[in-house]
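Student: my questions concern the predicted model and sequence given below.
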Amino acid sequence: MAEVAELRARNTQLGRALASRPVIDQARGMVMALAPCSSERAWDLLVDVSQRCNLKLRYVAAALVATTKGEVLPDQVQRELGRALRRLHTADRR
């Protein structure tokens, strides 16, 4: 019985991951255009912002994509995204 519950939980988690993937990829593309940087660096940047804000990556990505529809980026995400972009630019100059 515990195995069935574990498989159901894993199935739910995989379903969420598949559903959130397109918005994460859109946000990654936005970061690549803003920075500019590689896809991998954009991923790392989004993960960094997510961890520093203590928010799931899909929430950070959705907030960034929502700015294309006129929504305002939450203050904490905006701050951390700005810091992450500055760190990226500083690292690229070295």
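Tutor: Done, it's in. Numbers count the residues shown, from 1 in each chain.

Student: what distance do you get for residue 34 to residue 68?
Tutor: In this view, residue 34 and residue 68 are 12 Å apart by Cβ to Cβ, to the nearest Å. No exception for glycine: its C-beta is placed from N, CA and C like everyone else's.

Student: neighbour-wise, which of the two wins?
Tutor: residue 34 (14 against 9; other Cβ atoms under 10 Å).

Student: from residue 68, how far out is the closest residue to the more buried one other than its chain neighbours?
Tutor: Spatial nearest neighbour of residue 34, excluding adjacent residues (Cβ to Cβ, 6 or more residues apart in numbering): residue 85 at 6.7 Å. Separation of residue 85 from residue 68 (Cβ to Cβ) stands at 17 Å.

Student: before we move on, what about residue 77?
Tutor: 15 Å.

Student: after the worst-scoring helix or strand of the chain on mean pLDDT comes which helix or strand?
Tutor: Ranked by mean pLDDT, DSSP states H and E, the weakest helix or strand in the chain is helix 2-34, scoring a mean of 84. Using DSSP states H and E, the helix or strand that follows helix 2-34 in sequence is helix 39-53.

Student: point out the other helices and strands that that following helix packs with.
Tutor: helix 2-34, helix 57-66, helix 75-93 (3 or more Cβ pairs under 8 Å, 6 or more residues apart in numbering; DSSP states H and E).

Student: cheers, nothing more for now.
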